[in-house]
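Novice: I'll drop the sequence and a predicted model, then ask my questions.
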Amino acid sequence: MCGIFGFAKTSGRQSDNQMRILRDVFTELTDESSIRGTDSTGFSIIDSDNRHTYKTLVDSSSLVDMHDFDANILSRITRDTTIVMGHVRLATHGKVKVTNAHPFTVGDVVGVHNGVIYNYNQVAKSMGKSVPEVDSQVLFQSLNRNKMHEAFENIEGDFALTWVKDSNRKVHLARESGRPMVVAYWKKARILFWASTREIMREAMLRAGLVLPIKDVPEDYIYTYDVDSFDSKPNREQVQFETLSQYGYKTSMYGGWSWRDEYTRGASPATMALPATCDSRKDMCEYCYEWIDQEEIWTDADNKRVCFDCEYFVDKDAYSNEDKREVKDDKSWFSF
């Protein structure tokens, strides 16, 4: 188990206050992600012209309290920054050393990976490469060598990953059902955040004082985000991973990916049957139409079932206080 996290943003569009919030959220994401791995921490900080990689064997929770984090990471996150990818490692293949830490750079590709590649020996040999110490490296070798949808054809394993290839203004996200990844979009600031789990994202946002809806990245697709056109739907490419989607549902609305598309609009959620493959301990939120763990959903004042992520938008007063930096862009959360 490893952890991936980061953000992509339109360069030059953020105010001083938005940049401060961005750095706070990223610091909290770095801190919270340590629960998924403490063997190493790494970052790739990208702007239109440069890619800077920083790796250390210090765990991410300790790193955020060190001068190195301010000097080598936060100070490099500026208005010109377009993409930052972070990674925490729990070593499965390869020794614990800086050269085995993510991100990996192979040719034009730089990226981070959470998962295990079971046949990395065979894949490396089929490409005429020496077998690497870390299984993740063959993913980025394949991505550097092949078109995106072809890069995964002979790879067997579990993965959630983010990477940049030809353009420093485009980031690619992909996962299959064995590994989690969630995103949150701050439309006013034109910033897309991602993290391995909903819990990490939620805690980081709350600690930084930012409240945004959190969405699971749909399985078995590559999503490509151009930081200059966040208001448009992302490009997506279907990938035949070894593991099929858990529920088998896929829609074209990324930010608005939800069970709404699988049912008749206007139907009462109470009459919507839970998919046979879905955990019976889940309940549907009547605002985002997603299946949520029952302990994270309750009935609001209008007698509707509401999840944690939607409650802020339903009743802003319930979360407002002098210390919280509110985001009131209600219309954005299904539409980027």
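Specialist: Nice, I can see it. Numbering: from 1, shown residues only.

Novice: so what's the spatially most central residue of the chain closest to, chain neighbours aside?
Specialist: Closest to where the C-alpha atoms of the chain average out (Cα atoms, centre = their mean) is Trp194, at 2.7 Å. Using Cβ to Cβ, 6 or more residues apart in numbering and skipping residues adjacent in sequence, the residue nearest Trp194 is Val183, 4.7 Å away. All C-beta atoms are positioned from the backbone trio N, CA, C, and that covers glycine.

Novice: For the one you found, give the beta-bridge partners.
Specialist: Trp194, Lys215 (DSSP bridges).

Novice: Glu237 now?
Specialist: Under the criterion used (DSSP bridges), Glu237 bridges to Ile222.

Novice: ok, it - contacts?
Specialist: The contact partners of Glu237, taken as Cβ atoms under 8 Å, 6 or more residues apart in numbering, are 148-149, 221-222, 224.

Novice: Kindly recompute the last result at 6 Å.
Specialist: 148-149, 222 (Cβ atoms under 6 Å, 6 or more residues apart in numbering).

Novice: which one of those residues is nearest Asn114?
Specialist: Ile222 (15.6 Å; Cβ to Cβ).

Novice: Map the structural domains onto the sequence of the protein.
Specialist: Annotated domains of the chain cover 3-238, 259-332 [automatic domain parsing].

Novice: which of those sits most buried?
Specialist: Of the domains of the chain, the one with the most neighbours on average (mean count of other Cβ atoms under 10 Å) is domain 3-238, at a mean of 20.

Novice: pretty sure Val306 contacts Asp300?
Specialist: Yes. Using Cβ atoms under 6 Å, Val306 makes contact with Asp300 at a distance of 4.6 Å.

Novice: Mean pLDDT lowest where, among the domains of the chain?
Specialist: Ranked by mean pLDDT, the domains of the chain bottom out at domain 259-332, which scores a mean of 51.

Novice: quick revisit: shouldn't the residue nearest to the centre of the chain be in contact with Tyr185?
Specialist: No. The pair Trp194 / Tyr185 is not scored as a contact, 9.8 Å apart, by Cβ under 6 Å.

Novice: Remind me what the helix or strand harbouring Phe5 packs against, helices and strands.
Specialist: Take DSSP states H and E as the rule and Phe5 turns out to sit in strand 3-9. Counting contacts by 3 or more Cβ pairs under 6 Å, 6 or more residues apart in numbering; DSSP states H and E, strand 3-9 packs against strand 81-89, strand 191-195.

Novice: Could you check how far it is from the centre of its chain?
Specialist: 6 Å (Cα atoms, centre = their mean, to the nearest Å).

Novice: Which SSE is immediately downstream of that strand?
Specialist: As assigned by DSSP H and E, the chain's next helix or strand after strand 3-9 is helix 16-32.

Novice: Packing partners of the helix or strand following that following helix?
Specialist: Beyond helix 16-32 on the C-terminal side, the first helix or strand identified by DSSP H and E is strand 40-47. Using 3+ Cβ pairs under 6 Å, 6+ apart, the elements in contact with strand 40-47 are strand 51-56, strand 81-89.

Novice: Which one of those strands lies nearest to Asp24?
Specialist: strand 81-89 (13.8 Å).

Novice: Can you list the residue ranges for helices in this structure?
Specialist: According to DSSP state H, the chain carries its helices in the segments 16-32, 60-63, 67-72, 120-126, 136-145, 148-151, 198-208, 308-314.

Novice: so which of those comes closest to Arg175?
Specialist: helix 136-145 (12.4 Å).

Novice: hang on, the earlier thing: make TSV from the helices and strands packed on strand 40-47 and add distance to Phe26 to it.
Specialist: Below are these laid out as TSV (distance: least, Cβ to Cβ, whole Å):
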stretch	distance to Phe26
strand 51-56	13
strand 81-89	7
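
Novice: which stretch among those comes nearest Thr162?
Specialist: Of all the helices and strands packed on strand 40-47, strand 81-89 sits nearest to Thr162, with 5.4 Å by Cβ to Cβ.
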